[in-house]
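# with the input below, show me the fold.
(one chain, ligands or ions: 1)
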Amino acid sequence: MTDIFKSLTEYIKKYSTIYIMTHKNPDLDGLGSSICLYEIVTSFKKECFIIDTGDSKNSSVQKMYDILRERKVEIKLKGEKEALKDLTDDTLLIIVDVHKPEMVESKEILEHVKNIVILDHHIKGSHYIKRANLSYINSSLSSVTELMAYYLKYLNKTVDPVIATIMVTGIEIDTNNYKLKTTEKTYEAAAILTSMGAESILKQELLKEDKTAYLKRSHFVKHSYMINHNMAMCTMDDEIYAPKDLAEIAEQLLQFDEVEASFSIGRIKEDVIGVSARSLGNVDVEQIMERLGGGGHLTDAAAQLTAVSIEQAKEKVLHAIER
Ligand SMILES: [Mn+2]
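Next up is the predicted model:
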């Protein structure tokens, strides 16, 4: 990793302004690594902003911003319009936790910026940002926060305990509590962050969720079923749910014996049915979701279907799996 850290540092030092951007509907891995990088960039006396389009539907992210405010950790954010207005040839955009052009938080900024660095841990798909000056995509990493923990160690820098906490939480979320993609290095990254003062009570605070939401999800998990020898499915009722509810159900189904891939199907808008798919890695759910016009990654993908009922959507998913 030393090589990438060396080049990354050179890039940061080369430009006057650095924008950091993650994927649409940011999570704690995307933002945890963004904030860590923000601290590193500003320690080099460079102007830095995290791009924030207000797209996050994640309750942990809202809590994260509240806690940063309470603990007086100041992070400069920039909205899409302002970021586009202030863009110059001397701006570097560092993209974290995503490498597909259609999945970044702001496509506009990506299209208009001249200099790009990508840091990601998802398996590289055929659709990736081709224009990057530096691209480091390593799928043996559990998360980008894992990479950032090692970057801190390499630079011999530390971050505020609150930021270390957010980063550890990012690792936990991406590994589903050290169950997926976890290596010796992942634990070591968590140890590095713990030594910087990551707090476990604060971490639990970030991960806490609404009891009603939890119970509702449990209800659907309970009524899920196997569609073949290694795939589980959950079809929800006809109420409207947030895409993240679907994602969480699919993720939860992966915990069970025999389940290699999971699908949750539910209404996410008046006329849109969402499908969320997860896999442990042996089943390519990206390919299955692509057949439905969706996309994502090998282990984490989604699709949206319009003008169909949940039952019809289920048939389409089953058909896409059979192909
Ligand atoms: Mn991630």
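# so Asp238, which state does it fall into?
Using DSSP: H, G, I helix; E, B strand; the rest coil, the structure places Asp238 in strand.
# near the ion, which residues of this structure?
When proximity is defined by C-beta under 5 Å from the ion, the chain lies next to the ion at 29, 97, 143, 174. From N, CA and C alone the C-beta is placed, and that goes for glycine too.
# and Gly30, what does it touch?
By C-beta atoms under 8 Å, 6 or more residues apart in numbering, the contact set of Gly30 is 22-23, 96-98, 144, 170.
# widest-spaced pair of those residues?
Based on C-beta to C-beta, the longest span within those runs between Val98 and Gly170 and measures 13.8 Å.
# sorry, back to before: can you redo the residues of the chain next to the ion as JSON lines with pLDDT?
Listed next are the residues of the chain next to the ion as JSON lines, based on pLDDT from 0 to 100:
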{"residue": "Asp29", "pLDDT": "95"}
{"residue": "Asp97", "pLDDT": "96"}
{"residue": "Ser143", "pLDDT": "96"}
{"residue": "Asp174", "pLDDT": "89"}
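# narrow these to those in helices?
Per DSSP state H, helices hold the following members of these: 29, 174.
# and the furthest pair within the residues of the chain next to the ion?
So, the residues of the chain next to the ion by C-beta to C-beta: farthest apart are Asp97 and Asp174, at 8.7 Å.
# who touches both of the two?
With C-beta under 8 Å, 6+ apart, Asp97 and Asp174 have common neighbours 27, 29, 121, 143.
# so which of those is the closest to the ion?
Taking C-beta to the ion as the measure, the ion sits nearest to Asp29 out of the shared contacts of Asp97 and Asp174, at 3.4 Å.
# next one: stretch 184-192 to chain centre, how far?
Centroid separation for stretch 184-192 versus its chain: 19 Å, with C-alpha atoms, centre = their mean, to the nearest Å.
# report the buried residues of it.
By neighbour count on 16 or more other C-beta atoms under 10 Å, the buried set for stretch 184-192 is 185-186, 189-190, 192.
# what's in contact with that stretch?
Outside stretch 184-192, the residues touching it (C-beta under 8 Å, 6+ apart) are 141-143, 145-146, 149-150, 152-153, 168, 171, 175, 178, 198.
# just put the buried residues of stretch 184-192 in TSV and tack on secondary structure and pLDDT.
Formatted as TSV, the buried residues of stretch 184-192 follow (DSSP: H, G, I helix; E, B strand; the rest coil; pLDDT from 0 to 100):
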residue	secondary structure	pLDDT
Lys185	helix	97
Thr186	helix	98
Ala189	helix	98
Ala190	helix	98
Ile192	helix	98
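# any weak-confidence spans in the stretch 201-323 of the chain?
Along the stretch 201-323 of the chain, the model assigns pLDDT under 70 to no residue.
# find the closest residue to the ion in it.
Closest residue of the stretch 201-323 of the chain to the ion, C-beta to the ion: Asp300 (9.1 Å).
# so what's that residue up against?
Contact partners of Asp300, counting by C-beta under 8 Å, 6+ apart, are 122, 277-279, 285-286.
# surely Lys157 and Thr42 touch.
No. Assessed by C-beta atoms under 8 Å, Lys157 is found out of contact with Thr42, at 11.1 Å.
# going along the chain, name the strands of the stretch 1-150 of the chain.
All strands of the stretch 1-150 of the chain, identified by DSSP state E, counting those that start in this stretch, fall at 17-21, 47-51, 77-78, 91-96, 115-120, 134-137.
# JSON lines for these, including mean pLDDT and mean neighbour count?
JSON lines is the format used below for the strands of the stretch 1-150 of the chain (pLDDT from 0 to 100; neighbours: other C-beta atoms under 10 Å):
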{"stretch": "strand 17-21", "mean pLDDT": "98", "mean neighbour count": "24"}
{"stretch": "strand 47-51", "mean pLDDT": "98", "mean neighbour count": "21"}
{"stretch": "strand 77-78", "mean pLDDT": "97", "mean neighbour count": "18"}
{"stretch": "strand 91-96", "mean pLDDT": "98", "mean neighbour count": "26"}
{"stretch": "strand 115-120", "mean pLDDT": "98", "mean neighbour count": "23"}
{"stretch": "strand 134-137", "mean pLDDT": "97", "mean neighbour count": "18"}
